[in-house]
Structure formats: structure tokens, C-alpha cells
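Undergrad: Any chance you can model this:
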Amino acid sequence: MSYGFKIMVEGDYACFTRPEFKVERVSYDVPPPGALEGMLKSVYWKPAIRYVIDKIIVFQPINFMNVRRNEVKDKVLYSAVRGQMKQKGSDPCIYTSECRSQRASMILKNVKYGIEFHFELTGIRNEREEDAEKKHYSIIKRRLEKGQFYRTPCLGCSEFPVKRMELVDEFDENLVSDAVIEMGEVDFGYMSYRVAFEDGGRPVNGDWDDPKYSDRASTIYYRPHMVNGVIDVRKYREELKC
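TA: Take a look at the predicted model:
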């Protein structure tokens, strides 16, 4: 039995930030696999499974637009929240008038992707049942069919939510835009594949009830080519580089 899926994803805007741009956000032309894995985790995730992106199809023309937005540069401190919960008088609030900054972003608009993926068992907190894979497959399939999610799936940044996510049997590549077909074969250069954390998803303190994870991570890169709108991620996954 195959445990793979094919989904169609659409959105008004998307921003898959290139890590080499520090101050202003500039999106990749196409989504990196790591961003799509994060989107799928919004639908269903357990430590026992990992998502693997196999193919990405770009249906709409790759169009950019520039926006300038007011952003908050600070984060709510976890220690401040804990302090208020313990009634120690800590203020966990962020006052936008004091930490507002204006940043420009170059984002994608009117995006539509076909995503083929599967999941694998990680061996972390894995169930002992022999049909563990079948159980996870059934849950993912049901949640995709019903449009259920734990948090709103987004296209890169959280402010760009997915407008439509649909489970399909096959992709109709005849619907790929002529503008994308005319691009032929495109070498996108080195792109982020995913961020790999050193703890491997396991608590560094070994306590699943009160887990503490490592923040140490490295970015893994790959060099994909898009041919007539199709990126065969499986092909280029063999040449991952840290």
C-alpha cells in the first residue's frame, strides 16, 4: 500500500524568505521543501513521523510584488509569561509603539502549487502497533479531505495563509501556465532544503513530559531545476549540501 499523497495548494500571497537577505525579506521563486513540510505539520504532526516532499509543480506564473509593512521586532519572552503565571509581576506584553519597525518585502502573488509527498516513521516515540503507518495515513487522509488543521497553514510567513488545500488523485499538468512552460528548464541555484536541528527532534534532557530542545541547527541546501513547471525533488535530494 502506498502512503503518499498529492495535494493542490493556492494562496493570494507567499513569501519563502531567502536566508542570505538579512534586513529586507526576499522570497525564493518557488517554495523550498522545508517550508512545505512546515505547512503540512499544521494539518497533522506527531514526533513519530516526518514528511518528505517528492515533487513540486508550479501552476501559476512566478510573479513578484513589493510591499512595505510595519513589523514588531521583539518577541514575547517565555520567562515573562512564566513570571506572570506565578504572579511575580512580570510584564509579558509587547507595546508596538515602542518596538515597531518598517521593512520592505518582495513576495510572490497568486500562487498555485501541486505537492506530492509521503511520510516516514522516525522511530521517536513510535507506536508499537504493527499498523502504525496505516493509522497515520488514515488520519492524514481524513484531515486533508475534511480541511482540518491545528493551526492555519501558511505559505512561508504566517501572515500569508493558504486559501485552498485540496487532496487530489492526480495532477493535471495541462493546467500549468503557458508562461511557466515557456521558461523551459530553470536552474534556481542553491536553495534551502530544510533546517536540521542537532537534537533530531528528541528532548536534550530526555524528558518527554517536560521537554527541552536544542536551538542549534544548520541549513541544508540543494540545487533544483524546474522543467516545464515540475521540480522533481527526489532527483535533487541525492545532492544535499550543508
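
Undergrad: and the longest strand along the chain, how far out from the chain's middle?
TA: Counting residues, the longest strand found in the chain (DSSP state E) is strand 100-121. Averaging C-alpha positions (Cα atoms, centre = their mean, to the nearest Å) puts strand 100-121 7 Å from its chain's average.

Undergrad: I'd like to know which elements it is packed against.
TA: When contacts are defined as 3 or more Cβ pairs under 8 Å, 6 or more residues apart in numbering; DSSP states H and E, strand 100-121 sits against strand 4-14, strand 25-26, helix 33-41, strand 49-58, strand 64-72, helix 132-146. For every residue, glycine as well, the C-beta is placed using N, CA and C.

Undergrad: What mean pLDDT does the helix or strand following the longest one get?
TA: Just to be clear, that refers to helix 132-146. Heading C-terminal from helix 132-146, the first helix or strand you meet, by DSSP states H and E, is strand 164-167. On average, the pLDDT along strand 164-167 is 94.

Undergrad: Same question for stretch 114-121.
TA: The average pLDDT for stretch 114-121 rounds to 92.

Undergrad: give the contact list for the spatially most central residue of the chain.
TA: Within the chain, one residue has its C-alpha closest to the average C-alpha position: by Cα atoms, centre = their mean, that is A35, at 2.3 Å. Contacts here follow Cβ atoms under 8 Å, 6 or more residues apart in numbering; on that basis A35 touches 16, 155-156.

Undergrad: Of those residues, which one scores lowest on pLDDT?
TA: When those are compared by pLDDT, G156 scores lowest at 90.

Undergrad: Report the contact partners of it.
TA: G156 is in contact with 14-17, 27, 31, 35, counting by Cβ under 8 Å, 6+ apart.

Undergrad: residues in contact with E170?
TA: Under the criterion of Cβ under 8 Å, 6+ apart, the neighbours of E170 are K6.

Undergrad: Specify the local secondary structure of I62.
TA: coil (DSSP: H, G, I helix; E, B strand; the rest coil).

Undergrad: So for it, what's the pLDDT?
TA: pLDDT for I62: 95.

Undergrad: residues near it, how many?
TA: Applying other Cβ atoms under 10 Å, we find 20 residues neighbouring I62.

Undergrad: these two touch, right, it and L108?
TA: Yes - using Cβ atoms under 8 Å, I62 is in contact with L108, at 6.9 Å.

Undergrad: what comes up buried for stretch 152-160?
TA: Residues 153-157, 160 are the ones in stretch 152-160 that count as buried (16 or more other Cβ atoms under 10 Å).

Undergrad: Next: stretch 17-33.
TA: Buried residues in stretch 17-33, counting neighbours by 16+ other Cβ under 10 Å, are found at 17-18, 25-33.

Undergrad: By pLDDT, rank the residues you listed and give me the bottom one.
TA: The model is least sure about R25 among these, giving it 87.

Undergrad: can you pull the contacts of that one?
TA: By Cβ under 8 Å, 6+ apart, the contact list for R25 reads 15, 17, 103-107, 157.

Undergrad: what does T152 give?
TA: Going by Cβ under 8 Å, 6+ apart, the list of residues near T152 reads 42, 158, 161-162.

Undergrad: Burial check on the nearest residue to L155 once chain neighbours are set aside, number of neighbours?
TA: Distance criterion Cβ to Cβ, 6 or more residues apart in numbering; nearest residue to L155, sequence neighbours excluded, is A14 at 3.5 Å. Other residues lying near A14 total 25 when counted by other Cβ under 10 Å.
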